[in-house]
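Peer 1: After the sequence you'll find the predicted model.
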Amino acid sequence: MDLKSFSSNSLSSSEVALLARSSSYSYNAFMQKFGVRFSKSPRGIIVRTYGGPENHYLANKAIISLAGGANNVAAETSFHSSNGLNGSTWSLFTRNLKVLEAYDDEYGGVVIDPDRLPTNPSVFARSLNLSLSHWKKMSLLYLIRKVVTMENLTLASCVNVHALHKPHLTYEDLQGKKGIWLKLPIEKSDLVPVSIKEGFQYHHAEPGYVMLTYWIPEGPCMLPANASHLVGVGGFVINENNEVLVVQEKHCSPEILGLWKIPTGFILEAEEIYTGAIREVKEETGIDTEFIEVIAFRHAHNVAFDKSDLFFICMLRALSSKIVVDDHEIEAAKWMPLVDFVKQPLIQEDSMFKQIIDILVARLGKRYCGLSTHQVVSKFDGRVSSLYYNVIDNDEDINCVGN
């Protein structure tokens with residue numbers, strides 16, 4: 001059997017069956033490719049999987065019994081290490097070294113428990129190496145068991161694999177681990193270099209931790225990427241005098257210096273779009289408002305931190321009139337007549353600003369309908385979500401249901 005026909009991600013069941021039965025196969029070459037060793041015992045064939053630079057291995061003892069005319073598989077698992085000198089073995093448990101505490105996620109991945117990590121970097125390095133070896137190699141034993149037990153077939157009948165209509169077992173069939181998630185709290189940041197050395201990659205960071213990931217299968221990583229977008233909001237507030245609430249920021253780019261603009265900002269984690277707009281207006285101007293509609297939103301790329309940006313313009317109704325300026329962010333704030341707001345040169349000269357103002361004016365003239373928010377519950381996850389939509393009562397006089 002040609003070694004080139006094997007793949008670490010997809011292995012035909014006939015190849016595995018022949019491996020277990022063939023005495024002519026070069027298992028030295030197989031060991032180099034897969035980290036697997038076969039040995040004979042009175043009970044059958046023992047398969048050991050090895051991994052790691054220190055020759056740690058998981059003795060995934062797949063004992064294939066050939067007695068009695070039947071081919072059966074039993075499994076035992078233990079942890080050993082070869083000292084590289086005389087081939088003797090000893091239990092790693094005598095040195096308190098074991099696979100890191102972890103739990104499976106619903107996508108076939110592993111989430112390492114951040115609260116039960118070793119604090120010593122050297123101990124963590126050995127445990128992480130052992131754990132990676134374990135999660136990589138545990139699939140091989142499952143494969144051998146599956147080949148000989150699928151549809152009650154024996155090893156001999158597995159050779160005629162095409163009769164199964166399953167000529168290859170994929171990585172997913174093996175129930176092997178795929179992605180590994182490692183969350184390192186800030187107090188254990190000295191474990192980051194150790195993890196990177198083992199092949200982990202940065203995923204994202206928050207003030208209290210850094211998240212690292214490791215993808216086991218060959219091919220492109222299928223783990224979800226870090227958040228790709230920032231979400232901003234702007235509050236268009238107009239009072240009964242047809243005046244718009246506007247601000248001038250203390251810190252702004254030279255291009256918009258002197259522009260009177262609507263209050264804007266980023267929404268917070270787990271904050272609704274409409275509540276974020278209400279909060280930003282309150283923080284910058286002291287004005288209380290209530291949400292009416294999302295008038296429009298802009299989608300741009302490579303903005304702050306090279307992230308994409310979603311910016312929602314919300315129409316709000318003023319509930320108070322006294323302005324209290326936020327001295328940290330805002331240079332000035334005032335109620336400005338709508339006509340003066342629209343006539344500002346920076347707005348007239350910028351196609352996007354002008355389009356947004358045109359939409360807002362159309363909404364005030366009831367020639368346009370925005371999106372109001374509706375709380376709904378989905379059976380898929382049981383969560384309450386905000387669904388933004390609107391309908392029109394009639395074609396002659398636009399009346400947005402949900403206002």
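Peer 2: Thanks, I have it. This one's a predicted model, so the numbers in the text were calculated from it and none came from an experiment.

Peer 1: distance of residue 181 from residue 133?
Peer 2: To residue 133, residue 181 is 18 Å away according to CB to CB, to the nearest Å. Every C-beta, even on glycine, is put in place using the N, C-alpha and C of the backbone.

Peer 1: Of these two, give the one with the bigger neighbour count.
Peer 2: Under the criterion of other CB atoms under 10 Å, the comparison of residue 181 against residue 133 puts residue 133 first, with 21 against 18.

Peer 1: Validate this expectation: the more buried one resides in a strand.
Peer 2: No. Per DSSP: H, G, I helix; E, B strand; the rest coil, residue 133 lies outside any strand segment and is helix.

Peer 1: How confident was the prediction at it?
Peer 2: Looking at residue 133, its pLDDT is 89.

Peer 1: what about it, distance to residue 123?
Peer 2: Look at residue 133 and residue 123: by CB to CB, they are 16 Å apart.

Peer 1: Same check on residue 389?
Peer 2: Taken as CB to CB, the span from residue 389 to residue 123 is 55 Å.

Peer 1: higher neighbour count, the two?
Peer 2: Counted by other CB under 10 Å, residue 389 and residue 123 do not tie: residue 123 has more neighbours, with 14 against 11.

Peer 1: For the stretch 251-400 of the chain, which residues score under the pLDDT cut-off?
Peer 2: For the stretch 251-400 of the chain, applying pLDDT under 70 flags the ranges 392-400.

Peer 1: Do you have the helices of it handy? List them.
Peer 2: 273-285, 338-342, 345-349, 351-364 (DSSP state H, counting those that start in this stretch).

Peer 1: Quick check: which of these is buried the most?
Peer 2: A comparison of the helices of the stretch 251-400 of the chain by mean neighbour count, using mean count of other CB atoms under 10 Å, puts helix 273-285 on top with a mean of 22.

Peer 1: Convert the C-alpha atoms of that helix to PDB, please.
Peer 2: Extracted in PDB, the C-alpha atoms of helix 273-285 (Å, rounded to 0.1, in the frame of the first residue of the first chain):
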ATOM      1  CA  ILE A 273     -29.200  51.000  18.400                       C
ATOM      2  CA  TYR A 274     -32.100  53.300  19.500                       C
ATOM      3  CA  THR A 275     -31.100  53.400  23.100                       C
ATOM      4  CA  GLY A 276     -27.500  54.200  22.100                       C
ATOM      5  CA  ALA A 277     -28.800  57.200  20.100                       C
ATOM      6  CA  ILE A 278     -30.800  58.400  23.100                       C
ATOM      7  CA  ARG A 279     -27.900  58.000  25.400                       C
ATOM      8  CA  GLU A 280     -25.400  59.900  23.100                       C
ATOM      9  CA  VAL A 281     -27.800  62.900  22.800                       C
ATOM     10  CA  LYS A 282     -28.300  63.000  26.600                       C
ATOM     11  CA  GLU A 283     -24.500  62.700  27.300                       C
ATOM     12  CA  GLU A 284     -23.500  65.400  24.800                       C
ATOM     13  CA  THR A 285     -26.300  67.900  25.300                       C
END
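
Peer 1: Between the two ends of stretch 261-278, what distance do you get?
Peer 2: 16 Å (CA to CA, to the nearest Å).

Peer 1: Other residues contacting that stretch?
Peer 2: Stretch 261-278 has contacts (CB atoms under 8 Å, 6 or more residues apart in numbering) with 230-237, 244-249, 279-281, 283-285, 289-291, 294, 311-314, 316, 333, 373, 386, 388.

Peer 1: The same query, at a cut-off of 6 Å, please.
Peer 2: 231-236, 247, 280-281, 284, 289, 291, 312, 314, 373, 386 (CB atoms under 6 Å, 6 or more residues apart in numbering).

Peer 1: Inside strands: which ones of those residues?
Peer 2: Among the contacts of stretch 261-278, the residues falling in strands (DSSP state E) are 231-236, 247, 289, 291, 312, 314, 373, 386.

Peer 1: CSV for the residues you listed, including neighbour count and distance to residue 360?
Peer 2: Shown next, in CSV, are the ones in strands among the contacts of stretch 261-278 (neighbours: other CB atoms under 10 Å; distance: CB to CB, whole Å):
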residue, neighbour count, distance to residue 360
231, 17, 20
232, 23, 17
233, 28, 15
234, 22, 10
235, 27, 12
236, 27, 6
247, 24, 16
289, 24, 15
291, 18, 15
312, 21, 13
314, 29, 11
373, 21, 18
386, 12, 22
